[in-house]
Each structure stands twice: as C-alpha cells, then as structure tokens.
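[1] give the three-dimensional model of this entry:
(one chain, ligands or ions: 1)
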Amino acid sequence: MVGNAALAAMVEHHTVLYSDLADPVALLRSPAGQSALARYWPYADAARARPLSQREIDPYSALMAASMPLVADEILDSYSLARHSCLLDVGGGEGAFASAAARRWPHLKLKVFDLPAVAQRARRQVAASGLADRVAVYEGSFLADALPLGADVISLVRVVHDHDDDHVLVLLNAVRKALPPHGVLMLAEPMSDTPGAQAMGDAYFGIYLWAMGSGKPRSADRLGELLVQAGFERPRSLRNFMPLQTRVLLVRPATVANRVDPE
Ligand SMILES: C[S@@+](CC[C@H](N)C(=O)[O-])C[C@H]1O[C@@H](n2cnc3c(N)ncnc32)[C@H](O)[C@@H]1O
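    Residues are numbered from 1 along each chain as shown. Next comes the predicted model:
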C-alpha cells in the first residue's frame with residue numbers, strides 16, 4: 001500500500017465518508033444531497049441539476065485520475081480493442097482511461113464525454129500527454145444531451161453505480177442511440193454479488209453510495225436487466241484478474257425486432 005499512490009489517494013479521501021459516518025443517525029435523517037460525500041460528488045445531487053464550477057469538480061476529478069491505475073489494465077486486459085476504430089468514454093473524467101486505451105492501442109481514435117467543467121480538465125490533461133490529435137473531448141450531460149456519434153465501442157467506467165435506476169436508463173438509452181448496430185458497450189465497475197468480493201461490492205460500496213445519497217452497487221444480473229430494458233442484448237461478463245476492483249460487462253445493442261421496449 002505504501003508504494004501504491006492510486007490506493008493512497010482513495011484511502012485519503014475517506015475522511016469525507018468518515019465525517020458522514022461520525023453521526024449515522026443524522027445521516028439517516030438527512031435528505032439526499034446533504035451529506036459531505038454528496039458535496040464531494042456534487043453531480044450526485046441530480047435533483048438539483050445545475051452547472052458545476054471548476055472548484056467543485058477538481059477534488060473528485062483528480063481522485064478519479066489518480067486511482068485509474070487500479071482499474072485501467074483490468075479493463076483493457078479483459079477485452080481486445082484491435083478490431084475497433086474509435087472508443088468513446090462516457091463520464092470519462094479528465095481522460096485517464098481514454099489515454100490508457102490510446103497508449104495500449106495506437107490505431108485507436110478516442111473521444112471523452114463529461115460535464116463541462118470536467119471536460120476542461122480533460123482538454124488540459126490530454127494536451128499535456130501529447131494525445132490531443134487522437135483524443136477529442138466533448139462536454140454535456142448524459143442525462144440531457146445526445147452523446148457524440150462515430151464510436152464503435154463505448155465505455156462506462158465507474159459511472160453507472162453513481163446513479164439511481166431512472167437516470168441509469170436515460171444514460172443507457174443515450175449510449176445505445178450513439179452506437180452503430182455492430183458497436184459494443186463495455187460497462188466496468190465494482191459489482192455486488194461478486195463471489196469472494198461481497199465485502200467490497202455489497203457492504204463497502206453499499207454504505208458509500210448510501211452516504212453519497214445516489215446510486216447503489218448492482219449485481220451483473222441487475223445491470224443486465226437494466227441493459228435489456230434500455231434496448232441492449234443480455235451482457236456477457238468478461239474475465240478479469242481482480243473483480244474486487246472492477247468487473248467488466250460487454251454488451252451489444254439489440255436489433256429493433258428483439259428490443260423489449262422498441263421505441
Ligand atoms: C466516479 S467518476 C468516474 C470517472 C472515470 N470514468 C473514472 O473511472 O475515473 C464519474 C464521472 O461521471 C461524470 N458525470 C456525472 N454525471 C454526469 C452527467 N450527467 N453527464 C456527464 N458526465 C457525468 C462525472 O463528472 C465523473 O467524471
């Protein structure tokens with residue numbers, strides 16, 4: 001742990017969770033959006049959707065980029081991007097996952113989509129990494145705006161678990177509409193009901209997201225139900241080395257004839 005900067009960054013930010021847990025009764029009584037964690041992750045308060053300032057998004061964006069080494073290789077090792085030409089990372093933060101994919105797959109074009117203030121950080125990071133000619137950064141909200149077209153693989157890395165079911169369905173529908181029929185979605189995050197990792201996927205993330213006041217850890221089966229509802233096929237669970245940190249689901253859009261709820 002001492003030598004692991006990604007883990008250290010994750011551990012350090014837990015002062016925010018512990019300040020909420022110091023008074024669990026107050027936390028139980030307070031409406032969603034009032035906790036210290038909800039302030040740390042201000043997009044979690046979707047009920048009061050508003051533009052977020054640079055100051056509000058800086059701490060969590062830096063933490064996400066610092067902790068990306070915990071999951072990037074897990075995800076990139078689980079699925080080959082050799083046959084894909086363009087990856088869109090939705091909720092891609094300051095572009096750490098897209099940059100790791102760019103370094104792994106030199107033929108690949110990349111796009112990152114995130115909230116405007118986060119996208120500004122992404123543009124700076126991508127330019128500083130010398131990847132500006134391969135990684136395009138888009139800004140908007142996946143709850144309100146269409147996603148950029150042109151990618152044949154879309155990734156959602158540590159994004160879905162932050163949101164309640166109604167918003168997840170909006171997000172997954174937006175992803176499906178942005179994918180061509182032969183495209184795929186990679187959905188990567190820690191999941192509940194993961195054999196051997198229940199303490200992390202169910203207990204730890206359950207308490208964390210409850211304190212944050214938005215989202216929850218979901219099992220691969222539950223994510224599969226939401227994906228089918230949003231017009232995808234049933235996902236396939238890929239094998240990865242450390243499912244404690246993240247698992248990876250791969251899924252294609254269903255043909256219109258096979259959609260549960262065709263529009
Ligand atoms: C937990 S972070 C994960 C970031 C990155 N994927 C990673 O794993 O490091 C969730 C990301 O989703 C973004 N996000 C949240 N709500 C969003 C929205 N409505 N539209 C676009 N991005 C959003 C946040 O700004 C943040 O960058």
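[2] CA only for contacts and neighbour counts going forward, please
    Noted.
[3] dump the residue contacts of residue 132.
    Contacts for residue 132 (Cα atoms under 8 Å, 6 or more residues apart in numbering) come out as 123, 126.
[4] mind doing that once more with 6 Å?
    Listed by Cα atoms under 6 Å, 6 or more residues apart in numbering, the contact partners of residue 132 are residue 126.
[5] which residues of the stretch 151-263 of the chain score low on pLDDT?
    Within the stretch 151-263 of the chain, the segments meeting pLDDT under 70 span 262-263.
[6] quick check: closest non-adjacent residue to the residue most central in space within the chain.
    For the chain, the residue nearest the mean C-alpha position is residue 159 (2.2 Å; Cα atoms, centre = their mean). By the measure of Cα to Cα, 6 or more residues apart in numbering, the closest residue to residue 159 outside its immediate chain neighbours is residue 91, 6.4 Å from it.
[7] separation between the one you found and residue 160?
    Going from residue 91 to residue 160 by Cα to Cα, to the nearest Å gives 9 Å.
[8] same deal with residue 16?
    According to Cα to Cα, residue 16 stands 21 Å off from residue 160.
[9] what do you get for residue 187?
    According to Cα to Cα, residue 187 and residue 160 sit 8 Å apart.
[10] repeat for residue 227
    According to Cα to Cα, residue 227 and residue 160 sit 11 Å apart.
[11] before we move on, what about residue 230?
    Taking Cα to Cα as the measure, residue 230 falls 13 Å from residue 160.
[12] ok, now residue 117?
    20 Å.
[13] and what of residue 83?
    Note on residue 83: its distance to residue 160, by Cα to Cα, is 26 Å.
[14] more neighbours: which of the two?
    Between residue 83 and residue 160, counting by other Cα atoms under 10 Å, residue 160 is the more crowded of the two (23 against 10).
[15] with adjacent residues omitted, what lies nearest to that one?
    Counting by Cα to Cα, 6+ apart, residue 160 lies nearest to residue 168, which is 6.3 Å off, once chain neighbours are set aside.
[16] surely that neighbour forms part of a strand?
    No. Assigned with DSSP: H, G, I helix; E, B strand; the rest coil, residue 168 falls outside any strand and is helix.
[17] surely residue 216 and residue 163 touch.
    No. In this structure, residue 216 is not within contact of residue 163 by Cα atoms under 6 Å, at 7.1 Å.
[18] any residues of the stretch 151-263 of the chain in contact with the ligand? List them.
    Within reach of the ligand by Cα under 6 Å from any ligand atom, the stretch 151-263 of the chain has these residues: 157, 158, 159.
[19] now those as TSV including secondary structure and distance to residue 134?
    Below are these laid out as TSV (DSSP: H, G, I helix; E, B strand; the rest coil; distance: Cα to Cα, whole Å):
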residue	secondary structure	distance to residue 134
157	strand	20
158	coil	23
159	coil	23
